[in-house]
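In: Quick one, what's the 3D model for this:
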Amino acid sequence: MEQDNRCRDVERSIIKKYRKQIWCKFTKAINEYELIQDGDKIAVCISGGKDSMLMAKLFQELERHGKKNFELVFLVMNPGYNPINYETIRRNAELLHVPITVFETDIFEIVAKDDMESPCYLCARMRRGYLYSRAKELGCNKIALGHHFDDVVETILMGMLYGSQIQTMMPKLHSTNFEGMELIRPLYLIREEDIIHWMHYNELRFIRCACRFTERCEQEAEEEQKSSKREEVKELIRELEKRSPSVAKNIFRSVENVNVDTVIAYKQNGVKHHFLDGYDGGEG
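Out: Numbering: from 1, shown residues only. Just a heads-up that it's a prediction; the model follows:
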C-alpha cells in the first residue's frame, strides 16, 4: 500500500507540480515533432537513469490522460550491469509500476576486451543496434530514447568546438540499418535541471550511467566529469547562462534558423555544396 501511494505521488507530481516544466514540454515535443502516429508500437528504452525512468512515467501518463492510439513496451537491456545497479533498475521499475521487459547482452564484455582509449562510442553504437533489433522482434516500429534539451544544446556546441561542424541531435530519425524502424526523443524540450528537481522532490535514486563501471562513476564522478568534453561544454553553458539566461535557448534555436545564403558550405544528403557553386560575381 505504501509503495502504491508513493507511485501515485510521483505520477501526481508530473501532472501537477511539474506540469509546466515537464508534462507540457513532453506533450509539446510529441505534437510539434509528430513523434507518435496512430498504430505505433513504441519501445521505451530504459537505461536505469533519471531521464529514461521519467520518460517511462510520462508515456504512462500520456496513455492515461491522452488519446490511446499507440502501444508501449518498456524495454530494458542488460549489457552486463553489476548486481547492485541491475537490482536498482528492477527496484525502481517496481516502485514506479513500470512493467519492464528485460533482455540480456554481453556488450560490456565485448567492449572491455576491445583495446580502445575511449570505448564509449563503440558501446553506444552496439547498445543502439541491440535495442533496435530487440524492439523489432517485439513488433515495435519505434524506439524512444531519453535525451533531453540540454543534451541537444551540448551536442550542437560540442560539434562546433571539437568537431568543426554544425549539426544537432534530431527529435526523430529513420533507422538506416533497421528498415521500418524510427528513433524518437520525447524529452527533447525538457531541461535537465527540471528532471533533477523532479527526482529530488520525489526522493528517487537512479543509477548514474549505463556503464559497466557505473560504481566507479559514482565514486569518481567529479574527476571524470572534469575530463569529459561534454562536461566542459556543460560548464561553459552554465557560466554563460549566469550572464545571459537565454544562452542555451539561443543555441537550441540557432539550428532552426540557419540561413544557407550566409554560410560558406553545407552538406545535404551527403553532398557538399559551396557558396561559390552559384556565385555570380556580384557584390553582396
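
In: mind listing what's buried in the longest helix along the chain?
Out: Across the chain, the longest stretch assigned as helix under DSSP state H is helix 120-137. Neighbour counts over helix 120-137 (16 or more other CB atoms under 10 Å) mark 123, 126-128, 130-132, 134-136 as buried. Using the backbone N, CA and C atoms, a C-beta is placed for each residue, glycine as well.

In: Considering those, which member attains the minimum pLDDT?
Out: For those, the weakest pLDDT value sits at Cys123, with 73.

In: any idea how far it lies from Met53?
Out: According to CB to CB, to the nearest Å, Cys123 and Met53 sit 20 Å apart.

In: same check, this time on Asn82
Out: 18 Å.

In: who's more crowded, those two?
Out: Shown here are Asn82 and Met53; by other CB atoms under 10 Å, Met53 has more neighbours (27 against 14).

In: which residue ranges form the helices in the stretch 51-200 of the chain?
Out: For the stretch 51-200 of the chain, applying DSSP state H, counting those that start in this stretch gives helices covering 83-95, 107-113, 120-137, 149-163, 192-201.

In: can you redo the buried residues of helix 120-137 as TSV with distance to Lys172?
Out: Output for those, formatted as TSV (distance: CB to CB, whole Å):
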residue	distance to Lys172
Cys123	23
Met126	22
Arg127	19
Arg128	14
Tyr130	20
Leu131	15
Tyr132	14
Arg134	19
Ala135	15
Lys136	17
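
In: Lys267 belongs to a helix?
Out: No - counting by DSSP: H, G, I helix; E, B strand; the rest coil, Lys267 is not part of a helix but strand.

In: List the contacts of it.
Out: Going by CB atoms under 8 Å, 6 or more residues apart in numbering, Lys267 touches His273.

In: Quick check: bridge partners of it?
Out: Lys272 (DSSP bridges).

In: Next one: it relative to Asn177, how far apart?
Out: Counting by CB to CB - Lys267 and Asn177 are separated by 21 Å.

In: Ile84 now?
Out: 33 Å.
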